[in-house]
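Q: Sequence first, predicted model second:
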Amino acid sequence: MGTSFDPQQTAEFDQHAGGYDDMHRASIKASGEDPEYFAVYKQRRLERLLGPAFGQPVLDFGCGIGNLTRFLVDSFPSVEGYDPSAESARVASERAPRAKFFDSTDAIPRGRYGAVVIANVLHHVPPAERPALLATIHELLAPGGRVVIFEHNPLNPVTRRAVAACPFDDNAVLLWPGEVKGLLRGAGLSEVELDYIVFFPRALAALRPLEPGLSWLPMGAQVCGWGTKR
């Protein structure tokens, strides 16, 4: 199996792994939240999608420094992570010692995972290479396993501004919601669905209980798309 991450970009993530949270925090300042809020949001979303009794292995693909992985280990009994940046994977292993980590796709077992999570990763992958990456991820799934993609929503102007302000996203190419669904279908996944998520900043936190009912509204700051391996 190969990976579609730019080697130069991977080297940059190696170099800046120690300062990633600070740069991320600065770019999302307008939300009034810190990176932990968005990680926990995804954790809770995955708990609802996969169900309380989910016991199959979960892979955090492109886990970075483990911002999400360290919460997933509290929700699921078997969690593993992969990142092409060896330094990022090392930091993640310190933050989530109960998880197992890989820094090469060749080391990840095929057909093992009940769920593979790709959280804000694909915008770092050149568009022409995204279908091949999804095909690789499809191979990692057990039959009936799910791919869950979280991505920035370019239809939201605040999201576009946050991405423009983040040094790690200098070369990012955002995915339109239809592309997320198209990639899932193109990888041979079925029961493909997509929701819009993350609507209200901290100043409007009292309105956040309304968010599940707004999943149809294309103004969420991010999207969550998923599909199932036949």
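A: Great, that's in hand. Numbers count the residues shown, from 1 in each chain.
Q: from here on, contacts and neighbour counts on C-alpha atoms
A: Fine.
Q: got any ranges where this structure has weak pLDDT?
A: Where the chain drops to pLDDT under 70, the residues are 1-27, 29-30.
Q: Regarding it, what is its longest strand?
A: Assignment by DSSP state E gives strand 141-152 as the longest strand of the chain.
Q: helices or strands up against that one?
A: Helices and strands touching strand 141-152, by 3 or more CA pairs under 8 Å, 6 or more residues apart in numbering; DSSP states H and E, are strand 113-119, strand 222-229.
Q: make it 10 Å
A: Applying 3 or more CA pairs under 10 Å, 6 or more residues apart in numbering; DSSP states H and E, one finds that strand 141-152 contacts helix 35-50, strand 58-61, strand 113-119, helix 130-140, helix 157-165, helix 177-186, strand 189-197, strand 222-229.
Q: Only alpha carbons, please: show the helix or strand containing Gly81 as CSV.
A: Gly81 belongs to strand 79-82 when assigned by DSSP states H and E. Extracted C-alpha coordinates of strand 79-82, given in CSV (Å, rounded to 0.1, in the frame of the first residue of the first chain):
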residue,chain,number,x,y,z
VAL,A,79,-7.8,2.3,19.0
GLU,A,80,-4.8,2.7,16.6
GLY,A,81,-3.4,5.7,14.7
TYR,A,82,-1.4,6.3,11.6
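Q: what element comes up after that strand heading to the C-terminus?
A: helix 86-95.
Q: ok so, going back, now mean neighbour count too, for the helices and strands packed on strand 141-152, in CSV please.
A: Below are the helices and strands packed on strand 141-152 laid out as CSV (neighbours: other CA atoms under 10 Å):
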stretch, mean neighbour count
helix 35-50, 16
strand 58-61, 26
strand 113-119, 24
helix 130-140, 20
helix 157-165, 17
helix 177-186, 18
strand 189-197, 19
strand 222-229, 23
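Q: Just tell me which of the ones you listed ends up closest to Pro84.
A: Closest approach to Pro84 among the helices and strands packed on strand 141-152 (CA to CA): strand 58-61, 9.5 Å.
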